[in-house]
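In: heads up, no residue letters with this:
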(Lines give C-alpha, C1' and ligand atoms only; values in the text may rest on other atoms or scores of the structure.)
Protein backbone atom coordinates (compact mmCIF):
# COMPACT_ATOMS: atom_id res chain seq x y z
CA UNK A 1 0.00 0.00 0.00
CA UNK A 2 1.10 3.57 -0.66
CA UNK A 3 1.98 5.76 2.31
CA UNK A 4 -0.49 8.60 2.85
CA UNK A 5 -3.30 6.82 1.02
CA UNK A 6 -6.28 4.65 1.87
CA UNK A 7 -6.47 1.04 0.75
CA UNK A 8 -9.29 -1.38 0.03
CA UNK A 9 -8.59 -5.09 -0.57
CA UNK A 10 -10.78 -8.09 -1.32
CA UNK A 11 -9.07 -11.47 -1.06
CA UNK A 12 -10.74 -14.70 -2.15
CA UNK A 13 -9.52 -18.19 -1.29
CA UNK A 14 -11.17 -21.23 -2.91
CA UNK A 15 -10.29 -24.77 -1.84
CA UNK A 16 -11.46 -28.22 -2.88
CA UNK A 17 -11.55 -30.92 -0.20
CA UNK A 18 -10.82 -34.61 -0.70
CA UNK A 19 -14.49 -35.27 -0.01
CA UNK A 20 -15.36 -33.23 -3.10
CA UNK A 21 -16.75 -30.09 -1.46
CA UNK A 22 -15.70 -26.59 -2.48
CA UNK A 23 -15.08 -23.87 0.12
CA UNK A 24 -14.89 -20.14 -0.53
CA UNK A 25 -13.54 -17.56 1.91
CA UNK A 26 -13.81 -13.86 1.10
CA UNK A 27 -12.03 -11.27 3.23
CA UNK A 28 -12.54 -7.56 2.58
CA UNK A 29 -10.25 -5.12 4.41
CA UNK A 30 -9.81 -1.37 4.25
CA UNK A 31 -7.75 1.21 6.00
CA UNK A 32 -5.00 3.76 5.60
CA UNK A 33 -1.28 3.57 5.17
CA UNK A 34 0.87 6.00 7.14
CA UNK A 35 4.14 4.21 6.51
CA UNK A 36 2.43 1.14 7.96
CA UNK A 37 -1.01 -0.34 7.30
CA UNK A 38 -3.70 0.69 9.75
CA UNK A 39 -6.67 -1.59 9.21
CA UNK A 40 -9.91 0.28 9.83
CA UNK A 41 -12.38 -2.46 8.93
CA UNK A 42 -12.79 -6.07 7.91
CA UNK A 43 -15.62 -8.30 6.67
CA UNK A 44 -15.36 -12.07 6.15
CA UNK A 45 -17.81 -14.51 4.58
CA UNK A 46 -17.61 -18.25 4.01
CA UNK A 47 -19.54 -20.57 1.71
CA UNK A 48 -19.48 -24.22 0.68
CA UNK A 49 -20.99 -26.28 -2.09
CA UNK A 50 -20.74 -29.60 -3.89
CA UNK A 51 -19.99 -27.78 -7.14
CA UNK A 52 -17.59 -24.88 -7.62
CA UNK A 53 -20.30 -22.74 -9.21
CA UNK A 54 -22.68 -23.34 -6.28
CA UNK A 55 -20.05 -22.37 -3.69
CA UNK A 56 -19.12 -19.22 -5.62
CA UNK A 57 -22.75 -18.20 -6.08
CA UNK A 58 -23.46 -18.71 -2.37
CA UNK A 59 -20.33 -16.75 -1.41
CA UNK A 60 -21.31 -13.90 -3.72
CA UNK A 61 -24.80 -13.73 -2.20
CA UNK A 62 -23.40 -13.73 1.34
CA UNK A 63 -20.82 -11.07 0.45
CA UNK A 64 -23.52 -8.86 -1.05
CA UNK A 65 -25.69 -9.33 2.05
CA UNK A 66 -22.68 -8.39 4.22
CA UNK A 67 -22.30 -5.14 2.28
CA UNK A 68 -19.00 -5.91 0.57
CA UNK A 69 -17.94 -3.60 -2.24
CA UNK A 70 -19.26 -5.26 -5.42
CA UNK A 71 -16.71 -3.86 -7.86
CA UNK A 72 -13.76 -5.27 -5.91
CA UNK A 73 -15.65 -8.47 -5.10
CA UNK A 74 -16.63 -9.26 -8.69
CA UNK A 75 -13.07 -9.07 -9.95
CA UNK A 76 -11.49 -11.00 -7.04
CA UNK A 77 -14.15 -13.73 -7.08
CA UNK A 78 -13.99 -14.14 -10.85
CA UNK A 79 -10.19 -14.50 -10.85
CA UNK A 80 -10.22 -16.97 -7.95
CA UNK A 81 -12.97 -19.05 -9.58
CA UNK A 82 -11.05 -19.24 -12.87
CA UNK A 83 -7.86 -20.30 -11.05
CA UNK A 84 -9.74 -22.94 -9.02
CA UNK A 85 -11.41 -24.37 -12.12
CA UNK A 86 -8.08 -24.54 -13.95
CA UNK A 87 -6.42 -26.24 -10.99
CA UNK A 88 -9.28 -28.75 -10.72
CA UNK A 89 -8.89 -29.62 -14.42
CA UNK A 90 -5.15 -30.14 -13.96
CA UNK A 91 -5.69 -32.40 -10.95
CA UNK A 92 -8.36 -34.39 -12.80
CA UNK A 93 -6.06 -34.87 -15.78
CA UNK A 94 -3.21 -35.99 -13.52
CA UNK A 95 -5.50 -38.38 -11.63
CA UNK A 96 -6.85 -39.93 -14.84
CA UNK A 97 -3.30 -40.47 -16.10
CA UNK A 98 -2.34 -42.28 -12.88
CA UNK A 99 -3.55 -45.85 -13.42
CA UNK A 100 -2.69 -46.80 -9.82
CA UNK A 101 -5.85 -44.93 -8.82
CA UNK A 102 -8.08 -46.87 -11.23
CA UNK A 103 -9.60 -50.09 -9.83
CA UNK A 104 -8.22 -53.26 -11.46
CA UNK A 105 -11.73 -54.35 -12.50
CA UNK A 106 -12.16 -51.15 -14.51
CA UNK A 107 -8.81 -51.59 -16.23
CA UNK A 108 -9.62 -55.20 -17.14
CA UNK A 109 -13.06 -54.20 -18.43
CA UNK A 110 -11.48 -51.50 -20.60
CA UNK A 111 -8.93 -53.95 -21.98
CA UNK A 112 -11.67 -56.50 -22.77
CA UNK A 113 -13.83 -53.84 -24.43
CA UNK A 114 -10.96 -53.23 -26.86
CA UNK A 115 -10.87 -56.89 -27.84
CA UNK A 116 -7.64 -57.73 -26.05
CA UNK A 117 -7.45 -61.12 -24.38
CA UNK A 118 -4.85 -62.44 -21.98
CA UNK A 119 -3.28 -65.83 -22.48
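Out: Looks like it came in fine. This one's a predicted model, so the numbers in the text were calculated from it and none came from an experiment. Residues are numbered from 1 along each chain as shown.

In: Helices of the protein, start to end?
Out: Counting by DSSP state H, the chain has helices at residues 52-65, 70-97, 104-113.

In: most packed of those?
Out: Neighbour counts (mean count of other Cβ atoms under 10 Å) averaged over each of the helices of the chain peak at helix 52-65, with a mean of 17. For every residue, glycine as well, the C-beta is placed using N, CA and C.

In: Now that helix: average pLDDT?
Out: Within the predicted structure, the mean pLDDT of helix 52-65 is 95.

In: who's in contact with that helix?
Out: Outside helix 52-65, the residues that touch it by Cβ atoms under 8 Å, 6 or more residues apart in numbering are 12, 14, 16, 21-24, 26, 28, 43, 45-49, 70, 73, 77, 81, 84-85, 88.

In: ok, back up a step: for residue 1, which of the helices of the chain is the nearest?
Out: Comparison of the helices of the chain against residue 1 by Cβ to Cβ identifies helix 70-97 as nearest, at 14.4 Å.

In: other SSEs contacting that closest one?
Out: Helices and strands touching helix 70-97, by 3 or more Cβ pairs under 8 Å, 6 or more residues apart in numbering; DSSP states H and E, are strand 5-16, strand 22-33, helix 52-65.

In: Recalculate using a threshold of 7 Å.
Out: Using 3 or more Cβ pairs under 7 Å, 6 or more residues apart in numbering; DSSP states H and E as the contact criterion, the elements in contact with helix 70-97 are strand 5-16, helix 52-65.

In: and the angle from the first one to strand 22-33?
Out: To tie it back to what came earlier, the one meant is strand 5-16. For strand 5-16 against strand 22-33, the angle between stretch directions is 170 degrees (axes from the mean of the first three to the mean of the last three Cα atoms, to 10 degrees).
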